[in-house]
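Visitor: model this:
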Amino acid sequence: MPPKSSGYFPGTDDKHPVLITEAQPSLEDQHRARVRRYTIIMAFRIPCLVLAAIAYSTFSSALLSILIIAVSIPLPWIAVLIANDRPPRRKDEPSRWDERRTALEARPHNAIDS
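Guide: Just a heads-up that it's a prediction; the model follows:
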């Protein structure tokens with residue numbers, strides 16, 4: 001049995017090369033991951049509607065069905081926010097915050113009085 005990879009890629013070392021760069025994944029890979037996240041989150045919407053119909057037919061409770069549908073209403077908004085988020089920051093990625101800077105220099109300005 002080949003040894004398990006401890007690098008960037010899951011699986012065996014025979015399938016994937018060792019990652020030797022600090023470059024981010026390609027834009028195509030990032031887009032594919034975002035589309036996958038969006039699809040998974042939006043896939044919960046259809047079962048919610050089916051579950052609401054089953055709950056209404058089984059329990060004859062419109063309130064329960066409306067609650068289930070209400071839970072599915074913000075799913076598209078949440079899916080878009082999560083899908084458009086940047087890839088997670090790595091632990092070894094440095095913070096770019098240096099120090100607090102003032103917007104303008106604090107120095108005297110000459111004014112002309114009339």
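
Visitor: before we move on, which element is V71 in?
Guide: Secondary structure assigned from DSSP states H and E places V71 in helix 62-72.

Visitor: next, the buried residues of the next helix or strand after that helix.
Guide: Once the chain leaves helix 62-72, the next helix or strand it forms, by DSSP H and E, is helix 75-83. Neighbour counts over helix 75-83 (16 or more other C-beta atoms under 10 Å) mark A79, A83 as buried. Using the backbone N, CA and C atoms, a C-beta is placed for each residue, glycine as well.

Visitor: with just CA atoms, put helix 75-83 into PDB.
Guide: Included here for helix 75-83 are C-alpha records, laid out as PDB according to Å, rounded to 0.1, in the frame of the first residue of the first chain:
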ATOM      1  CA  LEU A  75     -30.500  30.000   0.800                       C
ATOM      2  CA  PRO A  76     -29.800  31.700  -2.600                       C
ATOM      3  CA  TRP A  77     -28.400  34.800  -0.800                       C
ATOM      4  CA  ILE A  78     -26.200  32.700   1.500                       C
ATOM      5  CA  ALA A  79     -25.100  30.600  -1.500                       C
ATOM      6  CA  VAL A  80     -24.000  33.600  -3.500                       C
ATOM      7  CA  LEU A  81     -22.200  35.100  -0.500                       C
ATOM      8  CA  ILE A  82     -20.300  31.900   0.200                       C
ATOM      9  CA  ALA A  83     -19.600  31.200  -3.400                       C
END
